[in-house]
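Colleague: give the three-dimensional model of this entry:
(2 chains)
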Amino acid sequence: MDWKQLWQILSAPDNIPIVAMIPLLAFYIFLAWRQAHANDVLIEQLAGDPALAKTHHRKAWPFKPGWQKEVHVWPFLLRVEFLAAIIVTIILMVWSITLNAPLEEPANPNLTMNPAKAPWYFLGLQEMLVYFDPWIAGVVMPTLIIIGLMVIPYIDTNPLGCGYYTWKQRKFAIGTFLFGFIILWVSMIFIGTFIRGPGWQWFWPGQTWDHNRLIYEVNRDLPDIFGITSNWAKGVFGAIVVGGYFTLGGLAVNAFFRRHNAKDFKRMSLLQYSIMMTFFLTMVALPIKMGLRLLFHIKYVWITPWFNV
Amino acid sequence: MAEENKGNGNNGKSVGLLDRVKTGVKEDLASLTTDLPAKAKEQVEILKKPTKTQLFTSIFRHKHDDTPRNRALGVLSNVFLHLHPAKINRDAVRYSYTWGMGGITFYLFFVLTLTGVLLMFYYHPSKVQAFRDVLYLEHDVPYGKLLRNMHRWAAHLMVIAVELHMFRVFLTGSYKKPREFNWTVGVILLVLTLLLSFTGYLLPDDQLGFWAVTVGTNMARATPLLGHEGPFGSQLGMTPYNDVRFGLLGGSIVDANALLRSYIWHCIGIPIIASVFMILHFWRVRKDGGISGPAPVVLDSEIKEAKK
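Modeller: Numbers count the residues shown, from 1 in each chain, chains lettered A, B, ... in the order given. Okay, the predicted model is just below:
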């Protein structure tokens, strides 16, 4: 256990934000879960008692009769905002006094940094470079993430859970978002920050960064395993595998969605449904490709003269 | 007397003028001792109530006694506060619902603008001076180190705050009708925040920024169709000297032009674009009916399915 190495990584000034973000995220997930749970209990209670549902104020937070429903922004909101500004300022001040912004040697194109890491918030994408070619990891994926986020309101047809925390009314939406945000975004950043060392090799926390370490990894392509040698056949084979994934995966998700999300399925138009499917399957393809690479040393699935997937 | 008569009847006048000057001066002197003290007394009385002065009432247009009307006017008649409505749902001020992350993000943008403008006074975006300017800032400028640290950490904190804000908005389903469009504006603002942070990374012109931006922009080489290493790029005539990466960097390597471009994007281009989208974002929050909740829970059995 190399504590010095671990400390060096954890205390690198630019890694502090992600070190700070983990407990922050944990705290806010707890806060959200607590409210979601309270609302879910209330929803269940009201669903089982229609008479109560008609008269209940319908908030988990106690609301006492006689209380005004509305309050003045001044002072009741502005004081919270003012307080938040002061607290953030104090945090920033203390942080800026105690910790210096990093400044390395002057830029030198002849001396490559190893590892050369992007800012922490892009390390998830840089980690994806291990599993995908740069045109996917660096261009297509960010574009899909942005478009995928933007279409969420237009493909989520579930009218429930607007304006309150809940889990039981929106299991699919929240589960998918948590998967994308926590597993695919935050934990990839975590790996990129704390696990990846020189040569972008895998070093467990506390393992000494060995700049001379070599890993003899023989990566194969999926067509090789099936003994396909001709370039034409490789292209066609890959297209079949990728197409097959989307077809079979689509059928599987469809079977699940129709049964467990029947109301949403009914509400969604064909366009909404196919957009949701495309983004969902593309997202799930990431860990599948990672698994293929890490467990079976498979580099490419689909090989063509112009691009490889 | 002969001399006095020379004036063709002007004698009386000139004597009158002298007299009048005399009496006038006397009056003035007398008023100095009576009117001015009276005015001074009056002035003191006015100054005792500064809120009644013309200066004050021209700036602040309503009274400040603690009445419901004045509380509302305090928000509505203030250009900086009138983003808020006068009254809001009492639960909407609960921190555990909103986490305050949107407001904190905006506040951090404000902090970054202030510290950023101050940093610009000490920085030249040129290869010769950029790194030296940062050293100068850290070692010679009073509070320069604090300034740079604050700008850096506020930027990181802003990325965290933006992500948490999006997380909260998703978990509360606040992107649902009628706020769909504002969510997409928010996604654009998230991207702009990341770009702001990323363009700032190169500016110290040190190894960290240089290689981070090199790694980042190398990806642009692989852009499909538009990058020289991307799918179908070479077939479309893309080379390192005309592809999208060249356009981003103003060259085929990260050098002086890249530094200048990222400086201008960082200090002028993206902040202006982000400000426009922020105006839109805040305005839509109001127009879409304020923040989404905490709303009363809705039961599944109460949803009326639209007829198709």
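Colleague: by proximity to chain B, which residue of the stretch 1-150 of chain A wins?
Modeller: Closest residue of the stretch 1-150 of chain A to chain B, CB to the nearest CB: residue A:138 (2.6 Å). All C-beta spots, glycine's among them, are computed from the backbone N, C-alpha and C.
Colleague: in this structure residue A:287 contacts residue A:188, no?
Modeller: No: shown here, residue A:287 and residue A:188 do not form a contact pair, counting by CB atoms under 8 Å, at 10.2 Å.
Colleague: rewinding a little: what's near enough to touch the residue of the stretch 1-150 of chain A closest to chain B?
Modeller: By CB atoms under 8 Å, 6 or more residues apart in numbering or on different chains, the residues touching residue A:138 are A:125, A:129, B:218, B:219, B:220, B:222.
Colleague: cool, residue B:166 as well?
Modeller: Shown in contact with residue B:166 (CB under 8 Å, 6+ apart): A:149, B:186, B:187, B:190.
Colleague: what about it, distance to residue B:104?
Modeller: Residue B:166 sits 13 Å away from residue B:104, going by CB to CB, to the nearest Å.
Colleague: so the closest residue in space to residue A:306 that isn't next to it in sequence, which of the three states?
Modeller: Leaving aside its sequence neighbours, residue A:306 sits nearest to residue B:231 (CB to CB, 6 or more residues apart in numbering or on different chains; 4.9 Å). Following DSSP: H, G, I helix; E, B strand; the rest coil, residue B:231 is assigned to coil.
Colleague: now do residue B:231 against residue A:229, distance only.
Modeller: Taking CB to CB, one finds residue B:231 at 23 Å from residue A:229.
Colleague: so those two - more neighbours on which side?
Modeller: Legend: neighbour count by other CB atoms under 10 Å in any protein chain shown for residue B:231 and residue A:229, higher for residue B:231 (22 against 8).
Colleague: mind listing what the more buried one touches?
Modeller: Residue B:231 makes contact with A:135, A:306, A:307, B:224, B:225, according to CB under 8 Å, 6+ apart.
Colleague: from those, pick the one nearest residue A:222.
Modeller: For the contacts of residue B:231, the minimum distance to residue A:222 (CB to CB) is 15.1 Å, reached by residue A:307.
Colleague: I'd say that closest one and residue A:132 touch.
Modeller: No: applying CB under 8 Å, one finds residue A:307 not in contact with residue A:132, separated by 10.8 Å.
Colleague: quick one: which of those two has more around it?
Modeller: A count of neighbours by other CB under 10 Å puts residue A:132 above the other of residue A:307 and residue A:132, at 21 against 17.
Colleague: backbone phi and psi for the more buried one, please?
Modeller: As for residue A:132, its main-chain torsions (degrees, to the nearest 10) stand at phi -130, psi 160.
Colleague: next up, the contacts around residue B:146.
Modeller: Counting by CB under 8 Å, 6+ apart, residue B:146 makes contact with A:96, A:97.
Colleague: per-residue confidence at it?
Modeller: Note for residue B:146: predicted pLDDT of 96.
Colleague: over to residue B:15?
Modeller: For residue B:15, the model assigns a pLDDT of 67.
Colleague: same check on residue B:306?
Modeller: 64.
Colleague: secondary structure class for the residue lying closest to residue B:176 once chain neighbours are set aside?
Modeller: Counting by CB to CB, 6+ apart, residue B:176 lies nearest to residue A:162, which is 4.1 Å off, once chain neighbours are set aside. The local conformation at residue A:162, judged by three-state DSSP, is coil.
Colleague: residue A:162 contacts residue B:171, doesn't it?
Modeller: No: judged on CB under 8 Å, residue A:162 makes no contact with residue B:171 at a distance of 11.7 Å.
Colleague: quick one: which of the two has more around it?
Modeller: Neighbour count, other CB under 10 Å: between residue A:162 and residue B:171, residue B:171 has more, with 26 against 21.
Colleague: and that one, what does it touch?
Modeller: Residue B:171 touches A:32, A:36, A:165, A:174, A:177, counting by CB under 8 Å, 6+ apart.
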